[in-house]
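A.B. asks: model the following, please.
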Amino acid sequence: MKTMRKNIHLLKDNTQLKALYTMIRDKETKRDDFVFFSERIIRLLVEYALSLLPVVPKTVKTPAGATYKGVVFKGGVCAVSVVRAGEAMEKVVRDVCPNIRLGKILIQRDEHTAEPKLFYAKLPQDISKRYVLLIDPMMATGGSLCMAIDTLKKHGVKDDKIIFINLITCPQGINKVAKRFPKVHIVTGAIDKTLNSKAFIMPGLGDFGDRYFGTN
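C.D. replies: Below is the predicted model:
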């Protein structure tokens, strides 16, 4: 994992990661393969995001009768997906954290103005006491993410307890979010060059939700 600036974390580039991103970026990749390789990347991101959570020491006895000085996570964790594409990341989150509580936020972007609108939010009642894994595979302008973070804050979640997990973003989105919420962690696997005139990430991979759920 490479840290770009404070609270911005980029997966370390290597041949394995590049091969995974090549598969999901290729427009010829079939849906089953797209899902499989996307979930491999998502797992890498989720595992790293969990390493950012605070821990406290704990000493245990091993089956061999030895003592091991380890750690356990401090405080509760929940996940919140940004509907619809964010729901594609829920399976991996549940695989890694089987009993995790899950909330949802529905934000849609106006096709003409590219501005986000909040339609729905259903969150765990005790979310203000938890660390939040906010999940959405693509961050373009950063507008939707800012609205999602604002929604969490209105429910009592502190900025420094939010970790946003994302497959692909761009400088425009990162700069917007980091300026408004400098304490929010962003964990991503790729920072693409720019946005096109329609505010789509370039080179990107198309519409993640459509490709994952087979609705393109």
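A.B. asks: show me what the helix ranked longest in the chain is packed up against.
C.D. replies: Counting residues, the longest helix found in the chain (DSSP state H) is helix 31-51. Helix 31-51 is packed against helix 15-25, helix 90-96, strand 162-169, strand 185-191, helix 208-213, with contacts defined by 3 or more CB pairs under 8 Å, 6 or more residues apart in numbering; DSSP states H and E. C-betas here are computed from N, CA, C, even on glycine.
A.B. asks: out of these, which one sits most buried?
C.D. replies: Across these, averaging neighbours per residue (mean count of other CB atoms under 10 Å) puts strand 162-169 on top, at a mean of 25.
A.B. asks: what angle do that strand and strand 185-191 make?
C.D. replies: Strand 162-169 and strand 185-191 are oriented at 10 degrees to each other (axes from the mean of the first three to the mean of the last three CA atoms, to 10 degrees).
A.B. asks: residues contacting strand 162-169, please?
C.D. replies: With CB atoms under 8 Å, 6 or more residues apart in numbering as the test, strand 162-169 has contacts from 24, 38, 41-42, 45-46, 49, 52-53, 89, 131-140, 145, 149, 152, 177, 181, 184-192, 201, 204-205, 208.
A.B. asks: could you flag which of these are buried?
C.D. replies: Taking 16 or more other CB atoms under 10 Å as the criterion, what is buried in the contacts of strand 162-169 is 24, 38, 41-42, 45-46, 49, 89, 131-140, 145, 149, 152, 177, 181, 184-192, 201, 204-205, 208.
A.B. asks: beta-bridge partners for the most centrally placed residue in the chain, please?
C.D. replies: By CA atoms, centre = their mean, the chain has its centre lying nearest to residue 165, at 1.6 Å. Bridge pairing for residue 165 (DSSP bridges) gives the partners residue 135, residue 187.
A.B. asks: count of residues packed around residue 115?
C.D. replies: Residue 115 is flanked by 12 other residues according to other CB atoms under 10 Å.
A.B. asks: confidence score at it?
C.D. replies: In this model, residue 115 is scored at 75, pLDDT.
A.B. asks: C-terminal to the longest helix of the chain, what's the next element?
C.D. replies: Per DSSP states H and E, the first helix or strand lying C-terminal to helix 31-51 is strand 55-61.
A.B. asks: verify the contact between residue 45 and residue 185 for me.
C.D. replies: No: applying CB atoms under 8 Å, one finds residue 45 not in contact with residue 185, separated by 11.6 Å.
A.B. asks: mind exporting stretch 13-21 as CSV, just the C-alpha atoms?
C.D. replies: Taking Å, rounded to 0.1, in the frame of the first residue of the first chain, the C-alpha atoms of stretch 13-21 are listed here in CSV:
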residue,chain,number,x,y,z
ASP,A,13,1.2,-1.2,-8.0
ASN,A,14,2.6,-4.7,-9.0
THR,A,15,2.0,-7.1,-11.9
GLN,A,16,-0.8,-9.0,-10.1
LEU,A,17,-2.8,-5.8,-9.5
LYS,A,18,-2.1,-4.5,-13.0
ALA,A,19,-3.4,-7.8,-14.4
LEU,A,20,-6.5,-7.6,-12.3
TYR,A,21,-7.2,-4.1,-13.5
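A.B. asks: contacts for that stretch, please.
C.D. replies: 2, 11, 37, 40-41, 44, 189-190.
A.B. asks: now the residues you listed as a markdown table including pLDDT?
C.D. replies: What follows is the contacts of stretch 13-21, written out as a markdown table (pLDDT from 0 to 100):
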| residue | pLDDT |
| --- | --- |
| 2 | 49 |
| 11 | 96 |
| 37 | 98 |
| 40 | 98 |
| 41 | 98 |
| 44 | 98 |
| 189 | 98 |
| 190 | 97 |
